[in-house]
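Visitor: quick one: sequence and predicted model below, then my questions.
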Amino acid sequence: MTSSPRLVEVDILIIGAGPTGLFAAYYAGFRGHRVGVVDSLPELGGQITAMYPEKQILDVAGFPSVKGRDLVEGLVAQAATADPTYLLDRTATELTSKDDGVVVGLDDGTEVHAGAVLVTAGIGKFSPRPLPAQGDWLGRGLEFFVPSFAPYADKDVVIVGGGDSAFDWAVHLEPVASSVTLVHRRDAFRAHERTVQQVRDSSVRIITKAEVSAITGNGRVEAVDVTVGGETTTLPCQAVVAALGFIADLGPLQQWGIEVVKRHIVVNPAMQTNLPRVFAAGDITEYDGKVRLIAVGFGEAATAVNNATVAIDPGAKVFPGHSSEGP
């Protein structure tokens, strides 16, 4: 016997529980809406929670510097004022437009009826690019993310990669670990120049035009073989961080008929997509002059919610006034 799907009714359904989605949840509550938030991850905070909880974020207004986990904690507390219905560890698989709203089906059978949908899914579902030499070492000294620095104290750490994640983790692990070595296949880096210079000025050893060709150990990682120009050197280490980037996938969303350009959703100045009552905000959006910053996502979230409010209730105003003017 098949059980009936669970039915959830909200005014605005937000797909994506990263910073933009959490702020959108707060703002939707400010506009008086019932709010639902769906995310494929089991925790709130999106990529920040999954990958960068210890990273210092410098470009959020009002914070000269804020740790990723602290920013998420504040956003969750702010969103709580809207009393949102969280639907975590679930994926939105189907979308059907109705005259009076949108119906979204989730992969667990839940059916969400909403007056409007706001997609704040960042880069979509993401998975780390594997390290060719990783074998079965994952969880035994090899990791893709660094959610906490404490486990790396007094260890020799090898970081593989040349992007922002690799260099950010090198900066933060250098004062904690016994040693840090960064291995990259090219002699040019994708990371921000300022962070690259920080690493160059530190005790981190940088090996370029190189690859980790093997990982060895007895139960846990004890060493890696690094090959440069056909010559292999063995480096003792107790931890390997593979920071080779991520494979992003918009998943079922691409089958909904939303206009997508290079994995980004095309929106107009009101943050509307080409589908009725479907809006988008944050890194997932695309328009002329788009800048992918958390700070920009916050503004887009407010714009989207205000315009979604009019889509739900044509008699409403796009701009409701400032929050400080309310009761």
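Guide: Yep, it's here.
Visitor: what about Asp136, distance to Gly219?
Guide: Shown here: Asp136 relative to Gly219, a distance of 11 Å by CB to CB, to the nearest Å. Placement of C-beta: from N, CA and C, glycine included.
Visitor: cool, Thr93 as well?
Guide: Thr93 is 40 Å from Gly219, by CB to CB.
Visitor: of the two, who's got more company?
Guide: Set side by side, Thr93 and Gly219 show more neighbours around Thr93, with 16 against 7, by other CB atoms under 10 Å.
Visitor: residues touching that one, list them.
Guide: For Thr93, the contacting residues are Gly105, Leu106, Asp107, Gly251, Pro252, by CB atoms under 8 Å, 6 or more residues apart in numbering.
Visitor: point me to the helix or strand that includes the residue nearest to the last one when sequence neighbours are not counted.
Guide: Okay, so that is Pro252. Among residues not flanking Pro252 along the chain, Thr93 sits closest, at 4.5 Å (CB to CB, 6 or more residues apart in numbering). Element membership for Thr93, per DSSP states H and E: strand 92-98.
Visitor: next one: Gln198
Guide: Taking DSSP H and E as the criterion, Gln198 maps to helix 193-200.
Visitor: could you list the buried residues of that helix?
Guide: Residues Thr195, Val196, Gln198, Val199 are the ones in helix 193-200 that count as buried (16 or more other CB atoms under 10 Å).
Visitor: roughly how far is it from the heart of the chain?
Guide: 23 Å (CA atoms, centre = their mean, to the nearest Å).
Visitor: for the helix or strand that comes right after it, buried residues please.
Guide: With elements assigned by DSSP H and E, the helix or strand that comes after helix 193-200 is strand 205-207. Using 16+ other CB under 10 Å as the test for burial, strand 205-207 gives Ile206, Ile207.
Visitor: partners of the next helix or strand after strand 205-207 in the sheet?
Guide: Per DSSP H and E, strand 205-207 leads on to strand 210-217 as the next helix or strand towards the C-terminus. Here strand 210-217 is paired, per DSSP bridges, with strand 221-228 (antiparallel).
Visitor: give me the low-pLDDT residue ranges for the stretch 1-150 of the chain?
Guide: When residues are selected by pLDDT under 70, those of the stretch 1-150 of the chain lie in 1-5, 124-126.
Visitor: again, but for the stretch 151-300 of the chain
Guide: Those would be 248, if you go by pLDDT under 70 across the stretch 151-300 of the chain.
Visitor: and the strands in it?
Guide: Here the stretch 151-300 of the chain has its strands, by DSSP state E, counting those that start in this stretch, at 156-160, 179-183, 205-207, 210-217, 221-228, 231-236, 239-242, 246-249, 260-261, 264-266, 278-280, 285-286.
Visitor: ok, and for the fifth one, which residues are buried?
Guide: Going back to what we said before, that points to strand 221-228. For strand 221-228, by 16+ other CB under 10 Å, it's Val221, Ala223, Val224, Val226, Thr227.
Visitor: any chance of these in CSV, with distance to Ser323 too?
Guide: Shown next, in CSV, are the buried residues of strand 221-228 (distance: CB to CB, whole Å):
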residue, distance to Ser323
Val221, 50
Ala223, 56
Val224, 52
Val226, 54
Thr227, 57
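Visitor: of those residues, closest to Lys317?
Guide: Nearest to Lys317 among the buried residues of strand 221-228 is Val221, at 59.1 Å by CB to CB.
Visitor: check contacts around the residue nearest to the closest one when sequence neighbours are not counted.
Guide: Excluding the flanking residues, the one nearest Val221 by CB to CB, 6+ apart is Gly141, at 2.8 Å. Residues counted as contacts of Gly141 (CB under 8 Å, 6+ apart) are Ile215, Gly217, Arg220, Val221, Glu222, Gln238, Ala239, Val240.
Visitor: which of those residues count as buried?
Guide: The neighbour count (16+ other CB under 10 Å) marks Ile215, Gly217, Val221, Gln238, Ala239, Val240 as buried among those.
Visitor: columns distance to Val204 on top of these, output as CSV?
Guide: Formatted as CSV, these follow (distance: CB to CB, whole Å):
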residue, distance to Val204
Ile215, 20
Gly217, 22
Val221, 19
Gln238, 16
Ala239, 14
Val240, 15
